[in-house]
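In: Have a look at this fold, sequence not included:
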């Protein structure tokens with residue numbers, strides 16, 4: 001759905017029941033393949049036989065019928081409690097201790113929430129506890145990497161874990177019994193959609209799709225969950241559609257589904273595997289639906305035509321959050337790719353950004369206007385003038401010079417235990433101008449009684465600044481970080497990225513593992529590296545965040 005098209009044009013807010021489309025029957029020009037994220041997954045995951053992962057039978061110490069949720073062993077005082085708590089919360093919801101997907105078949109098929117939620121949605125989110133087989137196998141593989149989890153996570157029902165997680169903060173939910181009131185009808189998938197306000201209303205609509213196994217039991221269970229609140233419920237393809245009113249629920253259940261919204265399906269297809277969690281929003285129409293004055297502020301107007309989609313998914317060696325944006329406006333034009341891959345292979349942490357200097361210079365007039373519009377705006381302007389007169393620093397020009405076309409900040413693994421570790425920056429900029437700005441900053445610091453002895457290595461189109469001269473020279477030479485296995489796995493598309501970040505947790509372990517309890521140390525040693533990268537082309541962009549496991 002184009003942001004230029006009124007939300008109701010392609011997908012009426014109050015659809016005519018006679019015009020309802022059954023999306024299970026292929027329409028003219030419609031593919032017979034399952035919608036993105038739905039249908040049976042026929043792809044073969046790149047893993048060994050199921051028996052190798054423990055899918056051939058019950059794990060030691062458990063019956064063939066499946067796992068049971070056992071009380072977690074008492075946690076010793078100290079760091080182990082919060083670390084294991086975080087790991088446990090994530091794994092029990094997504095993995096169910098590994099048992100649920102070992103016992104239940106690797107189905108991953110069936111209708112998805114977008115197959116039943118209305119197509120005029122302006123925002124959507126989905127949680128799937130029954131994803132494709134490759135995701136289940138990856139989750140199981142990751143779960144086995146953490147020592148000690150089997151002692152505290154042996155539950156066979158991630159739905160129960162999810163219910164228990166949300167129930168703890170609700171007195172009403174605390175009165176319910178999962179086995180009696182929830183388990184008989186609750187399915188594995190849930191989705192939420194935000195829709196434009198209905199006629200005569202200023203509030204956006206909200207529809208929740210909950211997969212159910214028994215319609216009658218679901219009606220009774222939802223009454224208990226609602227605890228007297230007004231709501232409406234309608235059923236469509238093994239889903240309960242819950243809305244603020246019965247009329248809204250009925251309309252949602254009859255509407256053309258979101259999976260037939262061409263813009264939505266294209267945006268979701270662009271991010272690839274939908275994983276266990278996915279989301280999408282048409283920002284322009286979402287702002288309109290929310291009633292915010294999108295055209296009154298520069299910040300909002302810049303993304304009024306922007307759409308974004310994302311997914312949380314798993315590989316057997318990493319977890320990835322991937323998101324893509326489309327549309328919007330940009331004033332930066334083309335900026336060079338970052339050079340994070342050219343750092344030394346001894347680098348343990350790095351951050352690289354392109355276009356920051358240009359962005360600062362381009363947007364500075366808006367910053368000044370916004371500051372001047374606030375109370376005391378004259379003080380802001382006077383302060384900048386005083387800085388220029390006292391120290392010779394011109395803002396934004398000198399700061400933009402230091403940011404350059406791109407700036408890469410790095411921390412080296414050698415000398416981490418020194419009083420001043422090896423840290424520096426490689427700036428793609430005019431080296432002569434950068435040297436002048438650095439000189440001004442050094443004079444300021446020296447005037448405060450703390451003279452700096454920085455390493456500086458000017459080059460062809462770049463300027464290197466570091467905590468010492470030896471490291472400055474090391475950074476000035478092209479390194480091979482981009483060829484290392486961990487970096488390549490953690491930072492996808494590094495060669496074309498406009499910003500990137502990388503942390504080698506394996507090499508930093510001596511700094512944070514010393515003195516930890518043995519169990520905490522064993523679990524943290526599983527973490528290998530963290531990486532992030534962002535690419536852009538025109539008004540489209542993509543961001544990937546990965547956490548790697550040993």
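Out: Perfect, thanks for sending it. What you see is a predicted model; the values in this text were computed from it and never measured.
In: Every contact and neighbour count from this point should use C-alpha atoms.
Out: Noted.
In: Grab the nearest non-local neighbour of the spatially most central residue of the chain.
Out: The residue lying closest to the centre of the chain (Cα atoms, centre = their mean) is residue 321, at 4.3 Å. Using Cα to Cα, 6 or more residues apart in numbering and skipping residues adjacent in sequence, the residue nearest residue 321 is residue 312, 4.5 Å away.
In: Hmm, residue 318 is touching residue 548, no?
Out: Yes: counting by Cα atoms under 8 Å, residue 548 is a contact partner of residue 318 at 4.3 Å.
In: wait, is the residue nearest to residue 321 part of a strand?
Out: Yes: checked against DSSP: H, G, I helix; E, B strand; the rest coil, residue 312 lies within a strand.
In: wait, what's in contact with it?
Out: Going by Cα atoms under 8 Å, 6 or more residues apart in numbering, residue 312 touches 274-278, 319-322.
In: 10 Å - rerun?
Out: 127, 273-279, 319-323, 544-546 (Cα atoms under 10 Å, 6 or more residues apart in numbering).
In: Please flag which of these sit within strands.
Out: With DSSP state E as the criterion, strands contain 127, 277-279, 319-323, 544-546 from among the contacts of residue 312.
In: residues bridging contact with residue 318 and residue 548, i.e. touching both?
Out: In contact with both residue 318 and residue 548: 142, 489-490, 527-530, using Cα under 10 Å, 6+ apart.
In: least confident pick among these?
Out: Lowest pLDDT of these: residue 142, 75.
In: gap between it and residue 484?
Out: 22 Å (Cα to Cα, to the nearest Å).
In: and if you look at residue 210?
Out: Distance, residue 210 to residue 484, by Cα to Cα: 44 Å.
In: before we move on, back to that, who's more crowded, residue 142 and residue 484?
Out: Neighbour count, other Cα atoms under 10 Å: between residue 142 and residue 484, residue 142 has more, with 23 against 12.
In: I figured that one hits residue 526, correct?
Out: Yes: with contact defined as Cα atoms under 10 Å, residue 142 reaches residue 526; the gap is 9.4 Å.
In: okay, and the common contacts of these two?
Out: 548-550.
In: and these, which of them are in strands?
Out: Among these, the members found in strands (DSSP E) are 548-549.
In: got the shared contacts of residue 142 and residue 526 as JSON lines, with pLDDT and distance to residue 186 columns?
Out: Shown next, in JSON lines, are the shared contacts of residue 142 and residue 526 (pLDDT from 0 to 100; distance: Cα to Cα, whole Å):
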{"residue": "548", "pLDDT": "92", "distance to residue 186": "33"}
{"residue": "549", "pLDDT": "90", "distance to residue 186": "33"}
{"residue": "550", "pLDDT": "87", "distance to residue 186": "35"}
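In: Kindly reformat the shared contacts of residue 142 and residue 526 as TSV containing neighbour count and distance to residue 538.
Out: Formatted as TSV, those follow (neighbours: other Cα atoms under 10 Å; distance: Cα to Cα, whole Å):
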residue	neighbour count	distance to residue 538
548	23	30
549	22	34
550	16	37
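In: Tell me the one of the shared contacts of residue 142 and residue 526 nearest residue 452?
Out: Taking Cα to Cα as the measure, residue 452 lies nearest residue 548 of the shared contacts of residue 142 and residue 526, at 37.6 Å.
In: Just list whatever residues bridge to the closest one.
Out: Under the criterion DSSP bridges, residue 548 forms beta bridges with residue 318, residue 529.
In: list the contacts for it?
Out: Residue 548 is in contact with 142, 315-320, 486-487, 489-490, 504-505, 526-531, counting by Cα under 10 Å, 6+ apart.
In: hmm, 7 Å instead?
Out: 317-319, 490, 527-530 (Cα atoms under 7 Å, 6 or more residues apart in numbering).
In: Same list as before, the residues you listed that is, but in JSON lines and with distance to residue 363 and neighbour count included.
Out: Output for the contacts of residue 548, formatted as JSON lines (distance: Cα to Cα, whole Å; neighbours: other Cα atoms under 10 Å):
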{"residue": "317", "distance to residue 363": "41", "neighbour count": "18"}
{"residue": "318", "distance to residue 363": "37", "neighbour count": "21"}
{"residue": "319", "distance to residue 363": "35", "neighbour count": "20"}
{"residue": "490", "distance to residue 363": "32", "neighbour count": "27"}
{"residue": "527", "distance to residue 363": "39", "neighbour count": "20"}
{"residue": "528", "distance to residue 363": "38", "neighbour count": "21"}
{"residue": "529", "distance to residue 363": "34", "neighbour count": "25"}
{"residue": "530", "distance to residue 363": "31", "neighbour count": "24"}
